[in-house]
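Asker: quick one: sequence plus predicted model below, questions after.
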Amino acid sequence: MIVLLHDVIQRIFTIYFFLCIIYVFMSWVPNARESSIGRIIGKLVEPYFAPFRKIIPPIGMIDISPLIAIFALNFARDGVTFLFSLFV
């Protein structure tokens, strides 16, 4: 049961990770974020990116806060994996 829960949580982290990556790449394509898919992904990803944008200001025209947010997401995923390894 715990292994199944761990697998589900890992898959959720992986899907969210790829949504974040897709959203970052969409910023390179003109008007991609304004498409219906871009707006849906934005509604899912922007609330996670917002605290990082408040802490880390853009460097000129480059916003590195999504990169830090993705690293934090991977760090959280590794933390969850570690916690589950304690119970198995």
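Answerer: Yep, it's here.
Asker: contacts and neighbour counts: CA atoms only from here.
Answerer: Noted.
Asker: and stretch 67-77, how far out from the chain's middle?
Answerer: 7 Å (C-alpha atoms, centre = their mean, to the nearest Å).
Asker: do me a favour and average the pLDDT over that stretch.
Answerer: Mean pLDDT, stretch 67-77: 96.
Asker: what comes into contact with it?
Answerer: Contact partners of stretch 67-77, identified using C-alpha atoms under 8 Å, 6 or more residues apart in numbering, comprise Gln10, Phe13, Phe17, Cys20, Tyr48, Phe49, Phe52.
Asker: what are the boundaries of the helices in this structure?
Answerer: 2-26, 36-55, 65-87 (DSSP state H).
Asker: ok so, going back, scan the contacts of stretch 67-77 and report the most crowded one.
Answerer: Cys20 (24 neighbours; other C-alpha atoms under 10 Å).
Asker: any idea how far Phe13 is from that one?
Answerer: Distance, Cys20 to Phe13, by C-alpha to C-alpha, to the nearest Å: 10 Å.
Asker: give the residues shared as contacts by these two.
Answerer: With contacts defined as C-alpha under 8 Å, 6+ apart, no residue is shared by Cys20 and Phe13.
Asker: I'd like the contacts of stretch 67-77 as TSV, with pLDDT appended.
Answerer: Shown next, in TSV, are those (pLDDT from 0 to 100):
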residue	pLDDT
Gln10	96
Phe13	97
Phe17	97
Cys20	97
Tyr48	97
Phe49	96
Phe52	96
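Asker: fine, thanks again, bye for now.
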